[in-house]
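1. I would like the atomic coordinates for the input below:
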Amino acid sequence: MVSHCANPACGVPLQYLRDGRLYQFEVRCKGPENVLRHAGNEQKRHVSHYWLCGKCSVLLTLEFDATSGVIPVALARAHSAGA
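-> Numbers count the residues shown, from 1 in each chain. I've put the predicted structure just below:
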């Protein structure tokens, strides 16, 4: 369960979902302990939820990086990378 802002520099506790933005990421786990044996060696998937408070969501977005996990990224940088 999401309990605080995903920006490590902020950490505001979650009180209302309407104040901010909720993100959902599908993560594929790697490693032999997480492989589903009954599904033809598919990787196990799970959904994780993250929240940015109102102040942070104006400046940041969240992205998933395979090596670092979920990271906050400046909106200007995110838009320029997508163009």
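2. which stretches of this protein form helices?
-> 54-59, 75-82 (DSSP state H).
3. ok now the first one, how far from the chain's centre?
-> Distance, stretch centre to chain centre, for helix 54-59: 15 Å (Cα atoms, centre = their mean, to the nearest Å).
4. other residues contacting that helix?
-> C5, A6, N7, C10, V12, D19, G20, R21, P72, A74, L75 (Cβ atoms under 8 Å, 6 or more residues apart in numbering). For every residue, glycine as well, the C-beta is placed using N, CA and C.
5. can you flag the buried ones in those?
-> C5, A6, N7, V12, G20, R21, P72 (16 or more other Cβ atoms under 10 Å).
6. confidence score at G69?
-> Per-residue confidence (pLDDT) for G69: 86.
7. the bottom helix or strand of this protein by mean pLDDT?
-> strand 35-36 (a mean of 46; mean pLDDT, DSSP states H and E).
8. returning to what we had before: mean pLDDT lowest for which of the helices of the chain?
-> helix 75-82 (a mean of 70).
9. related to what we said a few turns ago, looking at the contacts of helix 54-59, which are in strands?
-> Using DSSP state E, the members of the contacts of helix 54-59 that fall within strands are R21, P72, A74.
10. do me a favour and get the end-to-end distance for stretch 7-17?
-> End-to-end distance for stretch 7-17: 16 Å, by Cα to Cα, to the nearest Å.
11. right, I'll leave it there.
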